[in-house]
Each structure stands twice: as structure tokens, then as C-alpha cells.
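Peer 1: Provided below for reference: sequence and predicted model.
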Amino acid sequence: MMSRQKFPVSVASMLLATICLGGCSTLSGDTPEPTVNVNEAVKQVDSILDGTVNAVRPQLKWRDGPARISERRNSFTNKANGEADVSRYRYVRTKVSKAKLNGLLAAITKYWNKEGFKASTSNPREPSLSGKAEDGRFAKFSMSSFGDVEFYVSVGALSSERSGDIKGEEGDQFPEAPNGGPDYTPDVQDSYWSK
């Protein structure tokens, strides 16, 4: 015979296990289910990146990194759940001085807010900004202490593909860095942004 104290605890345990086996989406509640396929997600990512850089005047020079897919996994079973995040980095080639950073951040914030992102500073030690939309789209801007400037955008997609670069979406060619990898260092001097 079950005591009165143990019954509510056992019911709560069963309910929690049922929720987590279903994907723990009820507990996290912060990522809406995607409704687009990978190709549509890549188009959305590129559209957000294009809109962001086009909102900045004078225009910046940039290179795109490869579009990537990152499979989402059930937080309880660690099995792929048929959803993924599609993302791309856009690396700014224009050298941006610290003196021009506030103007750049203002232009980005204004555009992201107009597009439904809630923009906020994400790292007070290094200039960075991130924004999340209600539909799960995510955007980020950051500038490293070395002056490297990059944008990152991620959109959810329905996909059972494994994580990795998306074929046909390799992005632009980059010069080679001393370590043999791609060199993301800004290499374009601009009469406005670089002063």
C-alpha cells in the first residue's frame, strides 16, 4: 500500500519523465519548432545577413563563411530529433576603428529591432550585440580585441542531416592565415570606418 506522501512524488516523477522523453521542449520552452527546410533556412540566414550589412552606411566589405547545419538533439536521450539550426558567419573585411563602433552598433540595433529581433549587448568586455526573434531566429555581432568583426545568423530548420557544412554553400575564398587556416583579419582600409 502506497503512503499518501509518496503518491504525489511518484506521480510528479512519472510526469517529468514523460515530458523529458517527449523532448523536454515543455521545460525549455525557448526554441519554437522550425517550419522550413534547410534550403529555405539558408535563404533566410542570407537575407538577414544581407539586410544587416545593407543597413550600414557607408557600406562594409565582407566575405561569407560556409553555411552550416547543427542537428538538434533530445536533451534526455541525446538522439537527433529531426530539427536543426542552419547558420552562417559573415566576416567584415573593412577595418572598423573603435571610434566608429557606436555608430555601427546603432545601425545594426535599429535594423534588427525593425526586423523583430530583441537586440541587447551580450558581452560588456568586448563590443558585441545579439538579437533573438520570437520565431527563434538568432543574430549576433561581435568585434574581437584584434579588430576582427563578424556577424552570425542562425535559423531553425526541419532536417535529419548530420552536423557539418552544407554542400553547395561553401561561402567565399579566404586568404590563408599563418596557421594554415582561413584568415579573417580585416584587410580593407576605408576613408570613413577605418579612421
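Peer 2: Cool, got the structure. Numbering: from 1, shown residues only.
Peer 1: In the record's domain split, what are the boundaries for the chain?
Peer 2: Listed by automatic domain parsing, the domain ranges of the chain are 1-29, 31-165.
Peer 1: Serialize these to JSON lines and add fields for mean neighbour count and mean pLDDT.
Peer 2: Placement of C-beta: from N, CA and C, glycine included. Supplementary listing: these in JSON lines, determined by neighbours: other CB atoms under 10 Å; pLDDT from 0 to 100:
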{"stretch": "domain 1-29", "mean neighbour count": "11", "mean pLDDT": "44"}
{"stretch": "domain 31-165", "mean neighbour count": "17", "mean pLDDT": "92"}
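Peer 1: Quick check: which of the ones you listed is nearest to Lys195?
Peer 2: Taking CB to CB, domain 31-165 is the member of those nearest to Lys195, at 5.9 Å.
Peer 1: returning to that earlier point: so which of the domains of the chain is nearest Gln189?
Peer 2: Comparing the domains of the chain by CB to CB, domain 31-165 comes nearest, at 5.9 Å.
Peer 1: Quick one: closest of the domains of the chain to Asp190.
Peer 2: Of all the domains of the chain, it is domain 31-165 that lies closest to Asp190, at 4.9 Å by CB to CB.
Peer 1: how long is the closest one end to end?
Peer 2: Distance across domain 31-165, first residue to last, is 22 Å (CA to CA, to the nearest Å).
Peer 1: from now on call the first residue 4
Peer 2: Yep, numbering from 4; the last one is domain 34-168 now.
Peer 1: rewinding a little: please produce CSV containing the domains of the chain, extended by distance to Ser197.
Peer 2: Shown next, in CSV, are the domains of the chain (distance: least, CB to CB, whole Å):
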stretch, distance to Ser197
domain 4-32, 43
domain 34-168, 4
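Peer 1: Out of those, which gets nearest to Pro181?
Peer 2: Between the domains of the chain, domain 34-168 lies closest to Pro181; by CB to CB that is 13.2 Å.
Peer 1: who wins for proximity to Gly174 among the domains of the chain?
Peer 2: Counting by CB to CB, Gly174 lies closest to domain 34-168 out of the domains of the chain; the figure is 4.1 Å.
Peer 1: so how far is that closest one from its chain's centroid?
Peer 2: Taking CA atoms, centre = their mean, to the nearest Å, one finds the center of domain 34-168 at 4 Å from the center of the full chain.
Peer 1: Likewise for stretch 173-183?
Peer 2: Taking mean C-alpha positions (CA atoms, centre = their mean), stretch 173-183 and its chain are 21 Å apart.
Peer 1: So which residues make contact with that stretch?
Peer 2: Applying CB atoms under 8 Å, 6 or more residues apart in numbering, the set of residues contacting stretch 173-183 from outside is Arg66, Asp67, Gly68, Pro69, Ala70, Arg91, Tyr94, Pro185, Asp186, Tyr187, Thr188, Asp190.
Peer 1: Surely the fourth one and Asp168 touch.
Peer 2: Yes - look at Pro69 against Asp168 with CB atoms under 8 Å: they come within range, at 4.4 Å.
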